[in-house]
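Asks: sequence first, predicted coordinates after that:
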Amino acid sequence: MRLGFYMGYAPPGTSPLELIALAQEAERLGYDSAWAAEAWGTDAVTVLTWLAATTSRIKIGSAIMQIPGRTPANTAMTAATLDLMSGGRFLLGLGTSGPQVVEGWHGQPWGKPITKTREYVQIVRAALRREVLEFHGDQYDVPYSGDDATGLGKPLKLLVRPLRESIPIYLAALSPKNVRTAFEIADGWLPIYFSPERARDAFGYELRDGFDIAPSVNVVVSDDVEAARDMLRPLLALYIGGMGARGANFYNALFRRYGYEAEAARIQRLYLDGKKREAIAAVPDALVDDVSLVGPPERIRDRLEAWRESGATTLLVATRDVASLRTMAELML
């Protein structure tokens, strides 16, 4: 199991340069990869470009670049450019995000996310192979041929020659159907809030040779286990309770599949009723322990065995603490 560093995105009031410094330390510690994210703040591409320019070995990944934020052709251009400029170190992580972001930020219909993802990946791969690009599907029409088309569009081929014809593509997926799609059309899966004991039953996946399962895991190294859990409860309460509307929260549905039906319902009810402190307090210890690595180094070392047995091939360490980053490197030796 390899180690990666999950940079995420810069929280409000902070600079991505703080994430860059941590990723540079991860490279010094021997981490295999570093991954930048985007929501509706800092973008992933700019951060990864800066990181590529200030490192020499560590792979640079997007976890994720938002599918509604870029056309597939633009993503192929970006992937080819990042791969060329990094010396073949780029890993392309993609995801649709949720309907609140797709419709509320990007101004696109939520539509058919799995169909869109399938077509998107197909177009990106064709473009990176430098095929003359022509695709007429359910979600994408290249060259555009709608009723308002000028008729001047023609099939084009990527001008730049990519360093690698096949850049690894990873997909973020939270539902069993999405996970099956990732195993079918991608080179890797980027799960969030992955439970090593419960994931296989929850998602129904079968391991595939060469397929990279790369879950991100929040890590808090501390001699005080309860204090470490308390650091993560607000984040878990936010995702389980506040990400999405009642009945349309993918993270809430995920924890229900893990067997926390009553707990997930209560956290969401409290959170959406404005009782955030009560929602945070309602996050049980067992739930935190299921999807996180918390406590002293020896406790985390013991817990890592479950992650190895789960089939995870890359562990993306999510932390803003240099000491935790170093501890994980030591534990994986």
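Replies: Received, thanks.

Asks: C-alpha from now on. contacts and neighbour counts both.
Replies: Noted.

Asks: got any ranges where the protein has weak pLDDT?
Replies: Applying pLDDT under 70 to the chain flags no residue at all.

Asks: and the strands in it?
Replies: 2-8, 33-36, 59-62, 65-66, 90-95, 135-136, 141-142, 169-171, 188-189, 212-213, 216-221, 292-295, 314-318 (DSSP state E).

Asks: in TSV, list the ones you listed along with mean neighbour count.
Replies: Shown next, in TSV, are the strands of the chain (neighbours: other Cα atoms under 10 Å):
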stretch	mean neighbour count
strand 2-8	24
strand 33-36	28
strand 59-62	27
strand 65-66	26
strand 90-95	25
strand 135-136	14
strand 141-142	14
strand 169-171	26
strand 188-189	26
strand 212-213	22
strand 216-221	23
strand 292-295	24
strand 314-318	24
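
Asks: reformat those as TSV; add distance to residue 160.
Replies: Below are the strands of the chain laid out as TSV (distance: least, Cα to Cα, whole Å):
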stretch	distance to residue 160
strand 2-8	29
strand 33-36	24
strand 59-62	20
strand 65-66	21
strand 90-95	16
strand 135-136	20
strand 141-142	19
strand 169-171	19
strand 188-189	25
strand 212-213	28
strand 216-221	33
strand 292-295	42
strand 314-318	31
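
Asks: to residue 76, which of the ones you listed lies closest?
Replies: strand 90-95 (9.5 Å; Cα to Cα).

Asks: for that closest one, give me every contacting residue.
Replies: 59-67, 79, 82-83, 117, 167-173, 190 (Cα atoms under 8 Å, 6 or more residues apart in numbering).

Asks: right, so of the strands of the chain, which gets closest to residue 21?
Replies: Nearest of the strands of the chain (Cα to Cα): strand 2-8, 10.2 Å.

Asks: quick one, that closest one and strand 314-318 angle?
Replies: On the basis of axes from the mean of the first three to the mean of the last three Cα atoms, to 10 degrees, strand 2-8 is oriented at 40 degrees to strand 314-318.

Asks: could you say what helices and strands strand 2-8 packs with?
Replies: helix 16-28, strand 33-36, strand 314-318 (3 or more Cα pairs under 8 Å, 6 or more residues apart in numbering; DSSP states H and E).

Asks: now the nearest residue to residue 255 once chain neighbours are set aside: how far from residue 49?
Replies: Leaving aside its sequence neighbours, residue 255 sits nearest to residue 264 (Cα to Cα, 6 or more residues apart in numbering; 6.5 Å). From residue 264 across to residue 49, the span is 38 Å (Cα to Cα, to the nearest Å).

Asks: try residue 247
Replies: According to Cα to Cα, residue 247 stands 38 Å off from residue 49.

Asks: who's more crowded, these two?
Replies: residue 49 (17 against 10; other Cα atoms under 10 Å).

Asks: quick one, what contacts that one?
Replies: Residue 49 makes contact with residue 82, according to Cα under 8 Å, 6+ apart.

Asks: 10 Å instead?
Replies: For residue 49, the contacting residues are 60, 81-83, 85-86, 90, by Cα atoms under 10 Å, 6 or more residues apart in numbering.

Asks: can you give me the domain assignment for the protein?
Replies: 2-219+296-331, 223-293 (automatic domain parsing).

Asks: and the longest one, end to end?
Replies: What that stands for is domain 2-219+296-331. 12 Å.

Asks: kindly report the same for stretch 180-199.
Replies: 13 Å.

Asks: do the same with stretch 275-285
Replies: 19 Å.

Asks: what residues sit buried inside that stretch?
Replies: 276, 279-280, 282-283 (16 or more other Cα atoms under 10 Å).

Asks: name the residues that touch that stretch?
Replies: Outside stretch 275-285, the residues within contact range by Cα under 10 Å, 6+ apart are 225-226, 229-230, 232-238, 240-242, 260, 263-264, 266-273.

Asks: let's see 8 Å
Replies: 229, 233-234, 236-237, 241, 263, 266-268, 270-271.

Asks: which of those sits closest to residue 157?
Replies: The shortest gap between residue 157 and any of those belongs to residue 236, at 44.5 Å (Cα to Cα).

Asks: for the closest one, give me its contacts.
Replies: By Cα under 8 Å, 6+ apart, the residues touching residue 236 are 280, 283, 288.

Asks: now the second one: phi and psi?
Replies: Listed backbone geometry of residue 283 is phi -70, psi 110, with angles given as degrees, to the nearest 10.

Asks: which residues touch the spatially most central residue of the chain?
Replies: With distances taken as Cα atoms, centre = their mean, residue 63 lies nearest the centre of the chain, 3.6 Å away. By Cα under 8 Å, 6+ apart, residue 63 lies in contact with 6, 8, 35-38, 44, 92-94, 172, 190.

Asks: would you map the helices across the stretch 101-250 of the chain?
Replies: 113-128, 176-185, 199-203, 225-237, 250-257 (DSSP state H, counting those that start in this stretch).

Asks: and residue 305, which of those is closest to it?
Replies: Closest to residue 305 of these, according to Cα to Cα: helix 199-203, at 14.8 Å.

Asks: which positions within that closest one qualify as buried?
Replies: Result for helix 199-203 [16+ other Cα under 10 Å]: buried residues 199-200, 202-203.

Asks: having no further points to raise, I will conclude here.
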